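Peer 1: Quick one: sequence and predicted model below, then my questions.
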Amino acid sequence: MAVHGNTLGEVIENDLDAALASEVKTGLVQTPKRLSSRFFYDAEGSRIFQEIMHCPEYYLTRSEYEILETYKADLLNLFAPDQRAFDLVELGAGDGLKTKILLGFFAGQQADFAYAPVDISADALDGLVVDVRKQWPDLQLKPQHDDYFNSLRQLSTESDARRVVLFLGSNIGNFAPDEAVDFYSQLHDRLLPGDIVLTGFDLQKNPAVIHAAYNDRGGLTRDFNLNLLRRINHDLDATFDLDAFDHYETYNPETGEARSYLVSQKPQTVDIKTLDMTVPFEDGEIIHTEISRKFTRVQIAQLAQRTGFSVTGWFTDSKGYFADVVFVRQ
């Protein structure tokens, strides 16, 4: 699949485009076809997701916002019980919407901390830094435009402060079980005893509530899923006809997995010109785009135990839909 006239590296302008190209090149020749949800969040995808967060059916953001607002003092006591200094490291910081609850409260309490947002999107990181500096000009900032583990390693050489890692928004739900174990094992290896990880977990609940969250009546989740094809069209010069695909979601309460798919509505062929690639689709053929796992309390405790952490804090919203859980590195 050579690229006419150029090498792939010359055609693709940055690392994210290269990663998308690699994902498309490998994912669309598998059976079933698949694409990673990490590529949902271009500018348009991020805009749509901001709208999704305000949908009445999409409870996740509201639930975690409620937790952080309600228990911000308890969290500070866990993070700095002896008023010691800490680095608040946020993995995948984005716009920092929920984290600003903590930043404002911690700053108001004159806690001795620095904020280290980590994101692979330079634009998102720059925007967050500008906003945080405007709201809290005296807050020490350590932005990290890098992957998660490189950032943790870099921070450990800059400071001996306790590291408090935030992994919010139920992002852990996008990991397969073995991937989640590997992720927390790697976190364990890059943290010191007493360092903390605060993770957002979407909890298992009435299946109808979960199903509705990924099938909103306004069709925003459908638009969000289809935007992945729009992005491939734009970034890799492809010919996906968005009207020829539909969004399908299913939730299995036995496994706790919500899965999202794009479904071909007819036999068709898609050209991806940047990759010199042609992809055939049968009528009804799927592209698996996302898995969002929902957890039980037992599963969360087992994840901590298997990866060298202990659970020292458990906070839920008033409906018990969502939990922010504090792991301490043993």
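Peer 2: Good, I have the coordinates.
Peer 1: Just confirm residue 149 is within a strand.
Peer 2: No. Looking at residue 149 with DSSP: H, G, I helix; E, B strand; the rest coil, it is helix, so not inside a strand.
Peer 1: continuing past the helix or strand encompassing residue 229, what's the next helix or strand?
Peer 2: Assessed by DSSP states H and E, residue 229 sits inside helix 220-236. Next along the chain after helix 220-236, taking DSSP H and E as the criterion, comes strand 245-252.
Peer 1: just to revisit the earlier point, any idea of the mean pLDDT for the helix holding residue 229?
Peer 2: For helix 220-236, mean pLDDT rounds to 97.
Peer 1: for stretch 87-105, same thing?
Peer 2: Mean predicted confidence for stretch 87-105 is 93.
Peer 1: In it, which residues are buried?
Peer 2: 87-94, 96-103, 105 (16 or more other CB atoms under 10 Å). (C-beta placed from N, C-alpha, C; glycine too.)
Peer 1: who touches stretch 31-43?
Peer 2: Outside stretch 31-43, the residues that touch it by CB atoms under 8 Å, 6 or more residues apart in numbering are 19-20, 23-24, 27-28, 49, 121, 174, 224-225, 227-228, 231, 235, 260, 279, 285-291.
Peer 1: 6 Å - rerun?
Peer 2: With CB atoms under 6 Å, 6 or more residues apart in numbering as the contact definition, stretch 31-43 has outside contacts at 20, 23, 27, 174, 228, 231, 286, 287, 288, 289, 290.
Peer 1: Now for the closest residue to the second one other than its chain neighbours, how many residues are close by?
Peer 2: Of all residues beyond its chain neighbours, the one nearest residue 23 is residue 36 (5.5 Å), with distances taken as CB to CB, 6 or more residues apart in numbering. The burial count assigned to residue 36 is 16, neighbours taken as other CB atoms under 10 Å.
Peer 1: Can I get the contacts of stretch 31-43 in JSON lines including distance to residue 313, neighbour count and secondary structure?
Peer 2: As requested, the contacts of stretch 31-43 are arranged in JSON lines below (distance: CB to CB, whole Å; neighbours: other CB atoms under 10 Å; DSSP: H, G, I helix; E, B strand; the rest coil):
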{"residue": "20", "distance to residue 313": "37", "neighbour count": "23", "secondary structure": "helix"}
{"residue": "23", "distance to residue 313": "36", "neighbour count": "16", "secondary structure": "helix"}
{"residue": "27", "distance to residue 313": "37", "neighbour count": "17", "secondary structure": "helix"}
{"residue": "174", "distance to residue 313": "23", "neighbour count": "16", "secondary structure": "helix"}
{"residue": "228", "distance to residue 313": "35", "neighbour count": "26", "secondary structure": "helix"}
{"residue": "231", "distance to residue 313": "38", "neighbour count": "21", "secondary structure": "helix"}
{"residue": "286", "distance to residue 313": "39", "neighbour count": "18", "secondary structure": "strand"}
{"residue": "287", "distance to residue 313": "39", "neighbour count": "22", "secondary structure": "strand"}
{"residue": "288", "distance to residue 313": "34", "neighbour count": "17", "secondary structure": "strand"}
{"residue": "289", "distance to residue 313": "33", "neighbour count": "25", "secondary structure": "strand"}
{"residue": "290", "distance to residue 313": "28", "neighbour count": "22", "secondary structure": "strand"}
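Peer 1: Now flag whichever of those is closest to residue 201.
Peer 2: Residue 201 lies nearest to residue 174 out of those, by CB to CB, at 12.1 Å.
Peer 1: what about the residue nearest to that closest one when sequence neighbours are not counted, distance to residue 326?
Peer 2: Take residue 174 and drop its neighbours on the chain: the residue closest to it by CB to CB, 6+ apart is residue 37, 5.6 Å away. According to CB to CB, to the nearest Å, residue 37 and residue 326 sit 26 Å apart.
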